[in-house]
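Colleague: What shape does this take:
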Amino acid sequence: MPVRRPLSRLSRRPLLSLLRAAALAAIVAAGAPLALAQAVPATHTGAALPSTALPPAVEAALARAKLPREALTVFVADAEGRQPPRLAWRAQEPVNPASVMKLVTTYAALDLLGPAYTWSTPVYADGAVVDGTLHGNLYLRGQGDPTMVVERLWLLLRRVQALGIRRIAGDVVVDRGAFDAAVESDPAAFDGEPLRPYNASPDAFLVNFRTVTLDFTPEAGGRFAVVGAEPPLAGVSFPTRVPLGAGECGDWRAALQADFADPAQPRFAGALPAACGARSWPVAWPDAQRFGLRALGGLWQQMGGQIDGQLRLGAVPAGARLLFEAASPPLGQVVRDINKYSNNVMTQQLFLTLGLTQRQRGSFDAARAAVRQWWTTRVGGSEPAPVMVNGAGLSREDRLTAAGLARMLQVAWRSPVMPELIASLPVMGVDGTLRNRPATTSAHLKTGSLRDVAAIAGYVDGAGGRRWVVVAIANDPAAGAARPAFDALVEWVARSN
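Modeller: Now for the predicted structure:
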């Protein structure tokens with residue numbers, strides 16, 4: 001069992017951003033699943049647990065926000081799980097946890113796969129290389145890597161060029177078969193915002209989160225803004241510039257009057273207000289299934305490569321020759337990007353990977369079955385397994401109880417992967433989704449937010465040196481107003497001995 005250290009002494013080395021993930025592309029050692037840690041002793045999280053009064057500061061914050069006490073479900077207990085809970089309020093009520101559900105997915109993955117687990121993207125060819133030309137097809141097999149950002153795709157293509165390939169006389173083929181086709185969803189189904197990156201669907205060959213960043217840079221003359229796109233997309237013709245308009249910046253995206261009806265020829269019928277200056281707009285690409293292909297082809301051409309054939313989807317044939325495998329950063333790093341910044345599509349990739357590795361199928365059904373079995377074996381007790389749709393909490397149907405999530409966090413505290421899980425959580429007042437919250441306490445907490453839902457869950461250092469598990473979830477039309485009550489709860493816990 002690892003030595004347990006106070007949270008304040010845990011490693012706080014800076015989170016490697018995905019823009020620097022290319023430096024770790026050479027990591028190839030996949031970790032074997034860790035042995036199960038010693039089970040947490042039975043705690044007082046069962047149905048007979050009495051509800052206690054909310055702290056006065058929390059009650060006052062709820063009153064100021066005009067939120068009913070019944071909107072909250074709260075559970076506070078020592079991280080070791082050896083003492084009766086400090087506070088339980090409606091803790092057995094199944095509620096929607098929003099992105100706090102990512103804690104279940106990331107801990108299950110760390111526990112089942114190990115923090116050294118990596119994804120690989122194999123690259124194949126079916127022809128000979130002569131004088132810089134591959135006389136055949138180039139194949140890439142996507143296997144769910146959630147970290148294939150532009151920089152890492154560039155490194156992969158540089159490895160292809162290092163093999164002496166500059167021209168591909170045949171086709172470039174991407175195999176997306178590792179995930180079931182049913183994982184694709186309507187990007188407008190959740191909230192009617194199909195261009196928002198958080199609505200991007202998972203993909204076995206996920207490139208740059210299926211998102212292109214459009215840059216608008218005003219020219220010196222003051223009449224137009226130059227349009228740039230990252231990554232470059234093969235076969236897509238972007239306008240080179242848009243006019244600058246008058247008035248305040250305001251809703252500048254709407255002012256552009258963007259039209260993506262034809263993904264090969266996006267148009268801007270409006271203007272960018274000159275008052276905005278330079279702006280960037282991340283867009284979940286409408287032609288989602290071919291986005292990875294277009295990004296690959298555009299980047300290859302930008303690097304001076306040539307493709308004589310087509311960019312197409314298809315399967316890797318049995319006789320293709322393996323050239324190399326590009327490995328992702330390790331899971332221990334990936335869960336930091338997921339939890340610090342609450343990345344939805346990365347979480348769905350990880351969730352589907354659990355289905356693929358544990359049930360040999362890259363589907364949401366397989367992933368849900370894998371997590372349910374893990375929960376029963378690992379968390380156990382009287383707490384039912386969460387109801388999970390896609391593992392990311394981006395759903396109106398997800399449900400869990402505060403008591404159940406708290407018990408899972410107690411199990412995690414005593415597990416070998418505790419340091420990796422805690423290091424992935426936003427630090428109060430320091431980074432991630434908590435960087436703008438009060439920094440008066442030492443707390444590592446995952447946040448969650450949807451319309452009608454607000455939540456926090458994680459670990460808080462108490463004044464007496466004890467570590468506490470804290471779970472607080474609000475389900476109410478005015479749930480966003482619960483944040484001051486959450487801050488008051490964390491302060492109350494931090495003063496506890």
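
Colleague: From residue 482, how far out is the spatially most central residue of the chain?
Modeller: Nearest to the mean C-alpha position of the chain, by CA atoms, centre = their mean, lies residue 343 at 2.6 Å. In this view, residue 343 and residue 482 are 23 Å apart by CB to CB, to the nearest Å. Where C-beta positions appear, they are placed from N, C-alpha and C, glycine not excepted.

Colleague: Now do the same for the nearest residue to the residue nearest to the centre of the chain once chain neighbours are set aside: helix, strand or coil?
Modeller: Closest residue in space to residue 343, ignoring its immediate chain neighbours: residue 337 at 6.0 Å, by CB to CB, 6 or more residues apart in numbering. For residue 337, the assignment made with DSSP: H, G, I helix; E, B strand; the rest coil gives helix.

Colleague: you'd agree residue 337 is up against residue 345?
Modeller: No. Assessed by CB atoms under 8 Å, residue 337 is found out of contact with residue 345, at 11.2 Å.

Colleague: got a list of contacts for the host helix or strand of residue 370?
Modeller: If you go by DSSP states H and E, residue 370 is part of helix 364-378. The contact list for helix 364-378, computed with CB atoms under 8 Å, 6 or more residues apart in numbering, reads 36, 104-105, 108, 111-112, 182-183, 351-352, 354-356, 358-360, 385-386, 388-391, 408, 411.

Colleague: which regions of the stretch 351-497 of the chain lie under the pLDDT threshold?
Modeller: Nowhere does the stretch 351-497 of the chain drop to pLDDT under 70.

Colleague: next one: the chain
Modeller: Scanning the chain for pLDDT under 70 picks out the ranges 1-52.

Colleague: How many neighbouring residues does residue 240 have?
Modeller: 9 (other CB atoms under 10 Å).

Colleague: pretty sure it is touching residue 228, no?
Modeller: No. Residue 240 lies out of contact with residue 228 (CB under 8 Å); the separation is 9.2 Å.

Colleague: So residue 272 versus residue 218, what's the distance?
Modeller: Distance of residue 272 to residue 218, computed by CB to CB: 8 Å.

Colleague: what about these two, which has more around it?
Modeller: Taking other CB under 10 Å, residue 272 and residue 218 do not tie; residue 272 has more neighbours (27 against 19).

Colleague: And stretch 60-77, what's buried?
Modeller: Buried residues in stretch 60-77, counted by 16 or more other CB atoms under 10 Å: 61-62, 65, 67, 71-77.

Colleague: For these, name the two members farthest from one another.
Modeller: 65 and 77 (25.3 Å; CB to CB).

Colleague: on that earlier part again, any quick ChimeraX command for the buried ones out of the contacts of helix 364-378?
Modeller: Buried residues among the contacts of helix 364-378 (16+ other CB under 10 Å), as a ChimeraX selection:
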select :104,105,108,111,112,183,351,352,354,355,356,358,359,385,386,388,389,390,391,408,411
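
Colleague: Contacts for stretch 473-483, please.
Modeller: Outside stretch 473-483, the residues within contact range by CB under 8 Å, 6+ apart are 62, 65-68, 71-74, 95-97, 100, 402, 448-449, 452-455, 457, 472, 485.

Colleague: how long is that stretch end to end?
Modeller: End-to-end span of stretch 473-483 (CA to CA, to the nearest Å): 10 Å.

Colleague: Could I get the buried residue list for that stretch?
Modeller: Residues 473-476, 479-483 are the ones in stretch 473-483 that count as buried (16+ other CB under 10 Å).

Colleague: which secondary structure elements does whichever strand or helix holds residue 324 contact?
Modeller: In this structure, residue 324 sits in strand 321-327 according to DSSP H and E. Judged by 3 or more CB pairs under 8 Å, 6 or more residues apart in numbering; DSSP states H and E, strand 321-327 is in contact with strand 120-125, helix 150-162.

Colleague: repeat that for 7 Å
Modeller: Applying 3 or more CB pairs under 7 Å, 6 or more residues apart in numbering; DSSP states H and E, one finds that strand 321-327 makes contact with strand 120-125.
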